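Enquirer: No sequence on hand, only this structure:
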Ligand code: SF4
């Protein structure tokens, strides 16, 4: 763990000094890295265009970069021509989606993060064992839609808040289990889990919750810098669950925090009176956007950077079968390397 003692700040006659505490880990996780690589390799293997159902990850810069290489993003399978390959996003898809692709004879690649797939398999196992699942997550998020689509309708109930727990009326309270979305707030989820366990003491859980390593590591890292900063900027998309959670974690530490997609969104007024600024990035935001922000800050401030590392991540996921050989003959794109 790095010390939070300020580094010697350079002084400048015409620019105020701004101390930057940059959280580590931040930015790309192993699941996002793998999903982007799958799209890139699919383009290399099949040639453009390769269709991608839904944003491959929730980041406009990533989506635009892949579009420039030949990816075509669509919302549903019926927008994919019969002879084109299609990739499913990192958030996972309901079972009906690969089934529909197979019935049309489409070649598809599944970029679902292995940690999301793990929750899918747990859901199937619990339902097969006769349990009703309480699923803690956010309505409408693609991961939630994908996980609900692994089990028959009615086998799972969505729980979004502690208040929701009081309103639950399960048919068999002694035969419940819970699972969670992978990108939730660690602290909020702990409160919801406690409320469920208090109301249904016999509820079954596998490991407590299913929040992934990348989400919990990034939240722990931003918590530390937020406590030492006057303000925090989180680079990420508004529809990126883990990025929005990072803003909430910083604010819970009592530090004003803003989500920005990239340096162009920077509101200079937000930095008035800020001597120490924290910076982090959600799991779908590439490092190049962090550097872009630091460069932009440098135009008005004499910046002194300090990286504050909480955990070193070494997680990497295998590529799907069929792409490993393509990968062996290529090098990583700049987009993946930038992570
Ligand atoms: S945030 Fe977690 S679950 Fe989502 S892609 Fe990354 S590692 Fe997988």
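Expert: Great, that's in hand. The model shown is predicted, which means the values in this text are computed figures rather than measured ones. Numbering: from 1, shown residues only.

Enquirer: any idea which helix or strand carries residue 68?
Expert: For residue 68, the enclosing helix or strand under DSSP states H and E is helix 60-69.

Enquirer: For that helix, which residues meet the burial criterion?
Expert: Judged by neighbour count (16 or more other C-beta atoms under 10 Å), helix 60-69 contains these buried residues: 61, 62, 63, 65, 66. Yep, even glycine has a C-beta here, placed from its N, CA and C like the rest.

Enquirer: Likewise for stretch 96-108?
Expert: In stretch 96-108, counting by 16+ other C-beta under 10 Å, buried: 97, 98, 100, 101, 106, 108.

Enquirer: Give the other helices and strands that the helix or strand hosting the fourth one contacts.
Expert: If I follow you right, that is residue 101. In this structure, residue 101 sits in helix 96-103 according to DSSP H and E. Contact here means 3 or more C-beta pairs under 8 Å, 6 or more residues apart in numbering; DSSP states H and E; on that basis helix 96-103 packs against strand 86-88, strand 108-110.

Enquirer: Mean neighbour count, those: which tops it?
Expert: Each of the helices and strands packed on helix 96-103 was scored by mean neighbour count; the highest is strand 86-88, a mean of 24, by mean count of other C-beta atoms under 10 Å.

Enquirer: residues in contact with it?
Expert: 35, 38-39, 42, 50-54, 56, 71, 77, 80, 97-98, 101, 106-112 (C-beta atoms under 8 Å, 6 or more residues apart in numbering).

Enquirer: Centre of the chain to it, how far?
Expert: 18 Å (C-alpha atoms, centre = their mean, to the nearest Å).

Enquirer: What average pLDDT does it get?
Expert: Averaging pLDDT along strand 86-88 gives 97.

Enquirer: neighbouring strands for it, and are they parallel or not?
Expert: The pairing partners recorded for strand 86-88 under DSSP bridges are strand 50-53 (parallel), strand 108-110 (parallel).

Enquirer: out of those strands, which comes closest to the ligand?
Expert: For the strands paired with strand 86-88, proximity to the ligand was assessed by C-beta to the nearest ligand atom; strand 108-110 is nearest, at 13.0 Å.

Enquirer: Centre of the chain to that closest one, how far?
Expert: For strand 108-110, the separation from the chain centroid amounts to 20 Å (computed by C-alpha atoms, centre = their mean).

Enquirer: Then stretch 291-308?
Expert: For stretch 291-308, the distance to the chain centre is 24 Å (C-alpha atoms, centre = their mean).

Enquirer: Now do the SS call for the residue of the stretch 1-150 of the chain found nearest the ligand.
Expert: For the stretch 1-150 of the chain, the residue closest to the ligand is residue 31, as judged by C-beta to the nearest ligand atom, at 2.5 Å. Here residue 31 takes the helix state, with states given by DSSP: H, G, I helix; E, B strand; the rest coil.

Enquirer: So what's the residue count around the residue nearest to it when sequence neighbours are not counted?
Expert: Spatial nearest neighbour of residue 31, chain neighbours left out: residue 113 (3.1 Å); criterion: C-beta to C-beta, 6 or more residues apart in numbering. For residue 113, the neighbour count with other C-beta atoms under 10 Å is 27.

Enquirer: The closest residue to residue 96 other than its chain neighbours and residue 143: what is the separation?
Expert: In space, and not counting its chain neighbours, residue 96 is closest to residue 149: 6.1 Å by C-beta to C-beta, 6+ apart. Per C-beta to C-beta, to the nearest Å, residue 149 is found 11 Å from residue 143.
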